[in-house]
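Visitor: Show me the folded form of this:
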Amino acid sequence: MERKYREYIYNNSYSKHLTEGQITNDFNKEKSLVKKYFAKNYIPHFPSPGEKSLRIIDVGCGKGAYLSACKEFGYTDIFGVDLSLENIEFCKNQDIPCTLINGYDYLKENQDSFDVIIFNDVIEHLTKDECIDMLLCMKDALRKGGVVITKTVNCSNPFTSGSSRYIDFTHELGFTEMSLKQLFNALEYSSIDVYGCKIYIKNNPIYWAAALVEKIVSLFIYLLHCLYGRFSIKIFTKNLLVVAKK
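Guide: Numbers count the residues shown, from 1 in each chain. Okay, the predicted model is just below:
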């Protein structure tokens, strides 16, 4: 049966719930946080992070917060693709280069073209077969030494995994660090690293304390897993970041 839910959920997803002013205000807050988040979690994994001419594409770019961060850090060759007309119109109003197209189709037409592919909070919306097709297409779209950086929900977190997995009706898949490694290994990426996303990104004592508590809680959860004979899962952050190199 054709998956019709995407048409109902994705079209005009913002205007159905928010006014134009609310959308802009939310984006401005998001952009400020994403800039710090991007510096901590993404730029260190870029090939030659200091090279500002890297060709970067955000597949499923949303309102463009990550591409805005790229611009603010001096990266000049950036582009976004998304299936939502509202997202694309919003990005264009922010002077972010983008187009309304299925990411798979765009990458298929641009093989061996990108140094960095950003793939945030999209993989969980794909079916298993779509996931395989997309990641293979991404590998072909990378230049030699290029990376796909994928963010998704961490289903090993006992506190947030259930709500994060099922908070969105369009989620199809859930991942742990092991299933992500299994997937990218099967597709023969040359190197695959999985990290816990750092969310305590502000430089103040409250965030330092929160980061310390997170580490202590994660250690406790890992020890509980060990008691049940599960030694392979070691990352319990809210989200996972996969850095896979061609």
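
Visitor: which other helices and strands contact the longest strand along the chain?
Guide: Longest strand in the chain, counting residues (DSSP state E): strand 142-153. Other helices and strands packing on strand 142-153, by 3 or more C-beta pairs under 8 Å, 6 or more residues apart in numbering; DSSP states H and E, are strand 114-120, helix 128-141, helix 161-166, strand 239-245. Any C-beta I mention is one placed from the backbone N, CA and C, and that applies to glycine too.

Visitor: tell me the angle the second one makes with strand 142-153.
Guide: The one in question is helix 128-141. Orientation check (axes from the mean of the first three to the mean of the last three C-alpha atoms, to 10 degrees): helix 128-141 against strand 142-153 gives 140 degrees.

Visitor: Can you show me the strands along this structure?
Guide: So, for the chain - with DSSP E - the strands run 55-59, 77-82, 98-100, 114-120, 142-153, 191-196, 239-245.

Visitor: would a markdown table of these with mean neighbour count be doable?
Guide: What follows is these, written out as a markdown table (neighbours: other C-beta atoms under 10 Å):
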| stretch | mean neighbour count |
| --- | --- |
| strand 55-59 | 24 |
| strand 77-82 | 22 |
| strand 98-100 | 17 |
| strand 114-120 | 23 |
| strand 142-153 | 21 |
| strand 191-196 | 17 |
| strand 239-245 | 22 |
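
Visitor: Can you say which of the ones you listed is nearest to G174?
Guide: When those are compared by C-beta to C-beta, strand 142-153 sits nearest G174, at 6.4 Å.

Visitor: what are the pairing partners of that closest one, and which direction each?
Guide: Strand 142-153 has the following sheet partners, assigned by DSSP bridges: strand 114-120 (parallel), strand 239-245 (antiparallel).

Visitor: Which strand residues bridge S191?
Guide: Counting by DSSP bridges, the residues bridging with S191 are K245.

Visitor: hang on, the earlier thing: for the longest strand of the chain, what does the pLDDT average out to?
Guide: Strand 142-153 shows a mean pLDDT of 97.

Visitor: Hey, what's the angle from that strand to strand 55-59? Just curious.
Guide: Interaxial angle of strand 142-153 relative to strand 55-59 (the same axes, to 10 degrees): 40 degrees.

Visitor: could you give the angle of strand 142-153 to strand 191-196?
Guide: 30 degrees.

Visitor: how far out from the middle of the chain is strand 142-153?
Guide: Distance, stretch centre to chain centre, for strand 142-153: 10 Å (C-alpha atoms, centre = their mean, to the nearest Å).

Visitor: about what we covered before: adding distance to Y228 and mean pLDDT, write the strands paired with strand 142-153 out as CSV.
Guide: Output for these, formatted as CSV (distance: least, C-beta to C-beta, whole Å; pLDDT from 0 to 100):
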stretch, distance to Y228, mean pLDDT
strand 114-120, 32, 98
strand 239-245, 21, 98
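
Visitor: Columns distance to S232 on top of these, output as JSON lines?
Guide: Shown next, in JSON lines, are these (distance: least, C-beta to C-beta, whole Å):
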{"stretch": "strand 114-120", "distance to S232": "24"}
{"stretch": "strand 239-245", "distance to S232": "14"}
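
Visitor: returning to that earlier point: could you export the longest strand of the chain as PDB, CA atoms only?
Guide: Taking Å, rounded to 0.1, in the frame of the first residue of the first chain, the C-alpha atoms of strand 142-153 are listed here in PDB:
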ATOM      1  CA  LEU A 142      30.600  12.000  -2.000                       C
ATOM      2  CA  ARG A 143      34.000  12.900  -3.300                       C
ATOM      3  CA  LYS A 144      36.900  10.800  -2.200                       C
ATOM      4  CA  GLY A 145      37.500  11.300   1.600                       C
ATOM      5  CA  GLY A 146      34.100  12.900   2.000                       C
ATOM      6  CA  VAL A 147      31.800  12.200   4.900                       C
ATOM      7  CA  VAL A 148      28.100  11.600   5.600                       C
ATOM      8  CA  ILE A 149      27.200  13.000   9.100                       C
ATOM      9  CA  THR A 150      23.900  11.500  10.200                       C
ATOM     10  CA  LYS A 151      22.000  12.400  13.400                       C
ATOM     11  CA  THR A 152      19.200  10.300  14.800                       C
ATOM     12  CA  VAL A 153      17.400   9.300  18.000                       C
END
